[in-house]
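Undergrad: heads up, no residue letters with this:
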């Protein structure tokens, strides 16, 4: 029922915004603009629970593993899968965008302000930055990855304590996590109004004009996401875990619906955990580690979007991309995709280092920001499916059974 209400709020927001834009009615435009605070309040509520929820769930999942060697194996497989699958996501986004530009009309560049690119961290700096000198400062700054490292290390240490202390800490983390998940569900009941407030003002401002002129970019991103899903996730689930595409789509419908409407993977976190454990039969200890970790740092849909955006903006500004610069853009996109915040349109903001590497004006980000709502919904859906996929595959690789106790072979047709 909740998923239907959220979808209804999104459709009403888009429809109302288009109606206001098409008619030019001052009353409708005012109402659309006045709904924006509801969207802002909804997203602030989601951000409010991000850090404590991720820390509580990861602590519980890691501490329950007990043996740190199992944590190392599971964590290594999880991170390895994240990193390996990001590269094809970026390449698919770039390749399909390159083909799509053959059919693209000329897009008039709207006036935008110049911006300065932030310095891109090197890989060594990226790794060093994962160790927070002050976890409380990292929490205050909203830096999820260093907090995840800190939480995982403390939880691993807790897992080696004597049974009584270990159990009390796990029970406390479980209780905190359960309370925060309950809070997220309460927040999600306000989502129909919140997503209306997110969609209506943007659609009323843009109308069909700019959306139509950038339709090729949007279509290429959506097609690229579908290709990535069909070439990477679905075959792996079929052959490794024994989960058919139909079963997977049915089992992840709830989390995809929440992610699609809210464009936030964290908003869908409780639903992903529930669906992975109850519908896909993934071990709860795997789910509580892998899914929150994925919600914090694994966004293949965002990586694909950013790869497509680099090629699109290079075409728009007539900036050639030589092979040497292409490698730098892929590396930059790879690194920044690991630090994309789980909030709407953050993929645009973190695109700056990749654009700067190629020499594309950073003002191009403002062009994409204007139409980002549509591709953001689709890439968030793929991100949610990717996090559930990772949990299912890692659970199989660390010794779990396939769906309903199978050995991982494809289901009989």
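TA: That came through, no problem. Owing to the predicted nature of the structure, the values given are computational and were not obtained by experimental measurement. Numbering: from 1, shown residues only.
Undergrad: from here on, contacts and neighbour counts on C-alpha atoms
TA: Fine.
Undergrad: Run through the helices of the stretch 1-150 of the chain in chain order.
TA: 2-23, 26-34, 36-65, 68-100, 123-128, 135-141, 144-158 (DSSP state H, counting those that start in this stretch).
Undergrad: Not counting sequence-adjacent ones, nearest residue to residue 360?
TA: residue 314 (6.1 Å; C-alpha to C-alpha, 6 or more residues apart in numbering).
Undergrad: check contacts around that neighbour.
TA: Going by C-alpha atoms under 8 Å, 6 or more residues apart in numbering, residue 314 touches 320-321, 360.
Undergrad: Pull the number of nearby residues for residue 80.
TA: Other residues lying near residue 80 total 11 when counted by other C-alpha atoms under 10 Å.
Undergrad: Quick one: residues contacting it.
TA: So residue 80 contacts nothing (C-alpha under 8 Å, 6+ apart).
Undergrad: Would you mind measuring from it to residue 149?
TA: The gap separating residue 80 from residue 149 is 16 Å, by C-alpha to C-alpha, to the nearest Å.
Undergrad: Residue 73 now?
TA: Applying C-alpha to C-alpha to residue 73 and residue 149 gives a distance of 15 Å.
Undergrad: Check residue 296 too.
TA: Using C-alpha to C-alpha, one obtains 11 Å as the distance from residue 296 to residue 149.
Undergrad: Show me the shaky parts of the stretch 1-150 of the chain.
TA: Within the stretch 1-150 of the chain, the ranges that satisfy pLDDT under 70 run 1-3, 7, 50, 61, 65-71, 104-127, 130, 142-145.
Undergrad: Same drill for residue 296 and residue 149, tell me which one is more crowded.
TA: residue 296 (24 against 18).
Undergrad: got the angle between the helix or strand harbouring the more buried one and helix 144-158?
TA: Using DSSP states H and E, residue 296 falls within helix 284-297. Taking axes from the mean of the first three to the mean of the last three C-alpha atoms, to 10 degrees, one finds that helix 284-297 is oriented at 160 degrees with respect to helix 144-158.
Undergrad: now for helix 284-297, which elements pack on it?
TA: The helices and strands touching helix 284-297, judged by 3 or more C-alpha pairs under 8 Å, 6 or more residues apart in numbering; DSSP states H and E, are helix 36-65, helix 144-158, helix 269-278, helix 373-397.
Undergrad: for those, which one sits closest to residue 263?
TA: Closest to residue 263 of the helices and strands packed on helix 284-297, according to C-alpha to C-alpha: helix 373-397, at 5.2 Å.
Undergrad: any idea of the mean pLDDT for that closest one?
TA: Over the span of helix 373-397, the pLDDT mean works out to 90.
Undergrad: any idea how far the residue nearest to residue 360 is from residue 49?
TA: Distance from residue 314 to residue 49, by C-alpha to C-alpha: 38 Å.
Undergrad: With residue 138 instead?
TA: From residue 138 over to residue 49 (counting by C-alpha to C-alpha), the distance is 15 Å.
Undergrad: For residue 309, which residues are in contact?
TA: Counting by C-alpha under 8 Å, 6+ apart, residue 309 makes contact with 94, 217.
Undergrad: What strand or helix carries it?
TA: Judged by DSSP H and E, residue 309 forms part of helix 300-316.
Undergrad: orientation of that helix relative to helix 373-397 in degrees?
TA: For helix 300-316 against helix 373-397, the angle by the same axes, to 10 degrees is 140 degrees.
Undergrad: For helix 300-316, give the mean pLDDT please.
TA: 87.
Undergrad: And it, what's buried?
TA: 300-316 (16 or more other C-alpha atoms under 10 Å).
Undergrad: just how off-centre is that helix within its chain?
TA: Relative to the centre of its chain, helix 300-316 is centred 16 Å away, using C-alpha atoms, centre = their mean, to the nearest Å.
Undergrad: Number the chain from 4, please
TA: That works, and once the first residue is 4, the last one we named lands at helix 303-319.
Undergrad: So what angle separates the directions of that helix and helix 71-103?
TA: Helix 303-319 and helix 71-103 meet at an angle of 30 degrees, taking the same axes, to 10 degrees as the criterion.
Undergrad: wait, residue 9 sits on residue 194?
TA: Yes - counting by C-alpha atoms under 8 Å, residue 9 sits close enough to residue 194 to count as a contact (5.9 Å).
Undergrad: who's more crowded, the two?
TA: Between residue 9 and residue 194, counted using other C-alpha under 10 Å, residue 194 has the larger neighbour count: 28 against 25.
Undergrad: The more buried one and residue 13, how far apart?
TA: From residue 194 to residue 13 the distance is 9 Å (C-alpha to C-alpha).
Undergrad: Angles on the backbone of residue 270, please.
TA: Note on residue 270: its backbone torsions stand at phi -60, psi -30 [degrees, to the nearest 10].
Undergrad: Can you add distance to residue 336 and give the helices and strands packed on helix 287-300 back as JSON lines?
TA: What follows is the helices and strands packed on helix 287-300, written out as JSON lines (distance: least, C-alpha to C-alpha, whole Å):
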{"stretch": "helix 39-68", "distance to residue 336": "24"}
{"stretch": "helix 147-161", "distance to residue 336": "17"}
{"stretch": "helix 272-281", "distance to residue 336": "24"}
{"stretch": "helix 376-400", "distance to residue 336": "15"}
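Undergrad: Thanks again, I'm all set now.
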